[in-house]
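Asks: have a look at this fold, sequence not included:
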């Protein structure tokens, strides 16, 4: 059952791989498209509780123009869970991403991040600018709205397993339905099977159960995303913001202020989408192509 449903929503337009981190975990990734000698590759990162299945439709559409890598963070989907859940933090994620880039042997890449992935992309500007040809921020800016974060933290790691996929879809509609307009039943089914897989006869979220504990016990000192953006401005690093008009995580005023600091920063607003756009929307695809063409 799960193979047929997942196959229905999977492009199949990629090669799968894995690499080992310096602390011994296997992280899984996908590679789309061939190298374009005139353009950097794109390295795409999913959100906090999400995985690379989310990125499949967008990557498949872009793969005729660019090489795209999508990486599962530790504890997500088919990547290894970390036996020490305190390692689910930004410092370790950043180390993993940098090691992955070294593993690929690529020149500078465009780091495209959704939500948490976008936060990591901003921090990589401070920590590892040597790997960056540019960054694409999918619905995240230098100020994060607490309304949206409270909504996300209210369900992250807390949703029960379900015997019926229709119950998963209903739960998703309850928690994220106000962030999307015009989605079909097929769209919600694709979202459900990207976030949940069958485990012991029930639909179970595709991330480590201990991620919720890591979030609750997190003692990281929050880093200043405005400082990270000013570093991008100092470096004249190309930046693209893609924001959902309905977003409760990223305010339009935040993006406008970021453009004042970095006037060359590009921005696109995606109608009918909140947190986060899927990036397969025509407006999002057009924005990414414009951005890549500008490099």
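Replies: Alright, I've got the coordinates. All of these numbers come straight from a predicted model, not from anything done at the bench.
Asks: which regions of this protein lie under the pLDDT threshold?
Replies: 1-3, 157 (pLDDT under 70).
Asks: contacting residues for the most centrally placed residue in the chain?
Replies: Closest residue to the average C-alpha location of the chain: residue 46 at 2.1 Å, with C-alpha atoms, centre = their mean. Applying C-beta atoms under 8 Å, 6 or more residues apart in numbering to residue 46 gives the contacts 52, 54, 55, 70, 72, 73, 76, 114, 115, 116, 117. Bear in mind the C-beta positions are built from the backbone N, C-alpha and C, glycine included.
Asks: and these, which is closest to residue 283?
Replies: Ranked by distance to residue 283 (C-beta to C-beta), the contacts of residue 46 are led by residue 114 at 15.6 Å.
Asks: rewinding a little: give me the buried subset of the contacts of residue 46.
Replies: Neighbour-count burial (16 or more other C-beta atoms under 10 Å) applied to these gives 52, 54, 55, 70, 72, 73, 76, 114, 115, 116, 117.
Asks: sorry, back to before: mind putting the contacts of residue 46 into CSV with secondary structure and distance to residue 26?
Replies: Output for the contacts of residue 46, formatted as CSV (DSSP: H, G, I helix; E, B strand; the rest coil; distance: C-beta to C-beta, whole Å):
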residue, secondary structure, distance to residue 26
52, coil, 14
54, coil, 20
55, coil, 19
70, strand, 16
72, coil, 10
73, coil, 12
76, strand, 12
114, strand, 22
115, coil, 24
116, helix, 20
117, helix, 20
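Asks: and of those residues, the nearest to residue 193?
Replies: Among the contacts of residue 46, residue 54 lies closest to residue 193 (C-beta to C-beta), at 10.8 Å.
Asks: quick check: that closest one vs residue 129, distance?
Replies: Distance of residue 54 to residue 129, computed by C-beta to C-beta, to the nearest Å: 27 Å.
Asks: and residue 126, what element?
Replies: Using DSSP states H and E, residue 126 maps to helix 116-127.
Asks: given the helix or strand following that helix, what are its sheet partners and their directions?
Replies: Sequence-wise, the next helix or strand downstream of helix 116-127 (DSSP H and E) is strand 132-138. Sheet pairing here is set by DSSP bridges, and for strand 132-138 it gives strand 109-114 (parallel), strand 239-244 (parallel).
Asks: which one of the ones you listed lies closest to residue 257?
Replies: Of all the strands paired with strand 132-138, strand 239-244 sits nearest to residue 257, with 11.2 Å by C-beta to C-beta.
Asks: and the helices in the stretch 51-200 of the chain?
Replies: Taking DSSP state H, counting those that start in this stretch as the criterion, the stretch 51-200 of the chain carries its helices at 56-62, 90-104, 116-127, 146-155, 165-176, 185-195.
Asks: relative to residue 290, which of those is closest?
Replies: Of all these, helix 56-62 comes closest under C-beta to C-beta, at 12.4 Å.
Asks: what comes into contact with that closest one?
Replies: Helix 56-62 is touched from outside by 9-11, 13-14, 30, 32-33, 42, 44, 68, 70, 190, 194, 278-280, 284-285, 288-289, with contacts defined as C-beta under 8 Å, 6+ apart.
Asks: now, which of these lie within strands?
Replies: Counting by DSSP state E, the contacts of helix 56-62 place 30, 32, 42, 44, 68, 70 in strands.
Asks: I figured the last one hits residue 63, correct?
Replies: No - using C-beta atoms under 8 Å as the test, residue 70 is too far from residue 63 to be in contact (10.8 Å).
Asks: overlap in contacts of those two?
Replies: Joint contacts of residue 70 and residue 63 (C-beta under 8 Å, 6+ apart) are 14, 32.
Asks: quickly list what the residue lying closest to residue 52 once chain neighbours are set aside is bridged to.
Replies: Excluding its sequence neighbours, the residue lying closest to residue 52 (C-beta to C-beta, 6 or more residues apart in numbering) is residue 70, at 3.9 Å. The bridge-partner assignment for residue 70, based on DSSP bridges, gives residue 30, residue 44.
Asks: against residue 126, how distant is residue 70?
Replies: For residue 70, the distance to residue 126 equals 23 Å [C-beta to C-beta].
Asks: with residue 174 instead?
Replies: For residue 174 relative to residue 126 (C-beta to C-beta), the value is 37 Å.
Asks: do residue 191 as well
Replies: Counting by C-beta to C-beta, the gap from residue 191 to residue 126 is 32 Å.
Asks: fine by me, thanks again.
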